[in-house]
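Student: sequence? don't have it. structure:
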């Protein structure tokens, strides 16, 4: 039995199938751990989501920002925008309610004690150790799965507050937690987030005062093996031990990447078949 962590699929169903064929994925024995952003931007969101839900307990995903956007559109909180959203196939599907309900039950974070890996979409705030991060994820998940879910979507979007404070309360607290798990890239030693850029660190000006979240000194989760997606511009490179970036930009024409957790071997499938 093998466990494969796979980066952001974003509706790229065909490369996903090629990657599973490459690793000889056996749904009777193997498992998938997915970094979220299963849908949107790519051409086959519905087919991708149906396949993953059909795997039952053999597949686990954390929620990404695009997955949350689908849920917010599905709940009627934000409008569908054809220029930005390519998941109308899901919204118009006869099994839409089932698929959205399934997605709404997915976690923001998963820790596999046996394998020794922690799975998130964007990252873990440098001030959070494992127990705190799991507790904060559970705070959001309980609201997301309950009667206040629509109100959560109504208060979900925005960049403020941008600094972690354990005394945060209400929607500000939940928004900050979600932003860390699903949108974070850069952070400073004071715990402040910056959402102004997606560029990798080598392209930043020397005066830029923020660091990738995984390079912040004295990070309290540095002992964890962390798998994340979200940041395609990194091209899978972090230069940081125990931190595995798996979004390698398949939806932008690059490749989809898997990491076999038992031996940390990487596998890839190109967005388009090689001639």
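Tutor: Yep, that arrived. Keep in mind that what you see is a predicted model, and the values were worked out from it rather than measured.

Student: can you list the weak-confidence ranges in the stretch 51-200 of the chain?
Tutor: Residue ranges of the stretch 51-200 of the chain with pLDDT under 70: none are present.

Student: show me where it has helices.
Tutor: 65-74, 88-91, 96-104, 130-144, 149-154, 170-182 (DSSP state H, counting those that start in this stretch).

Student: List the contacts of residue 14.
Tutor: Applying C-beta atoms under 8 Å, 6 or more residues apart in numbering, we find residue 14 in contact with residue 44. All C-beta atoms are positioned from the backbone trio N, CA, C, and that covers glycine.

Student: element containing it, please.
Tutor: helix 13-22 (DSSP states H and E).

Student: Look up how far residue 44 lies from the nearest residue to residue 224 once chain neighbours are set aside.
Tutor: Distances taken as C-beta to C-beta, 6 or more residues apart in numbering place residue 118 nearest to residue 224, at 4.8 Å, with adjacent residues excluded. Distance of residue 118 to residue 44, computed by C-beta to C-beta, to the nearest Å: 29 Å.

Student: Kindly report the same for residue 12.
Tutor: In this view, residue 12 and residue 44 are 7 Å apart by C-beta to C-beta.

Student: Compare the two and say which is more crowded by neighbours.
Tutor: Using other C-beta atoms under 10 Å, the more surrounded residue of residue 12 and residue 44 is residue 12, with 27 against 20.

Student: Pretty sure residue 259 sits in a strand.
Tutor: Yes. According to DSSP: H, G, I helix; E, B strand; the rest coil, residue 259 belongs to a strand.

Student: Can you tell me the closest non-neighbouring residue to it?
Tutor: Leaving aside its sequence neighbours, residue 259 sits nearest to residue 5 (C-beta to C-beta, 6+ apart; 4.6 Å).

Student: Pull the number of nearby residues for the one you found.
Tutor: A count of neighbours around residue 5, defined by other C-beta under 10 Å, yields 25.

Student: which residues does it bridge with?
Tutor: Here residue 5 sits in beta bridges with residue 33, residue 259, going by DSSP bridges.

Student: Tell me who's in contact with it.
Tutor: Contacts of residue 5 (C-beta under 8 Å, 6+ apart): 32, 33, 34, 35, 117, 119, 227, 244, 246, 258, 259, 261.

Student: just residue 1 next, same as before
Tutor: 29, 30, 31.

Student: give me the number of residues near residue 8?
Tutor: The number of residues near residue 8, taken as other C-beta under 10 Å, comes to 32.
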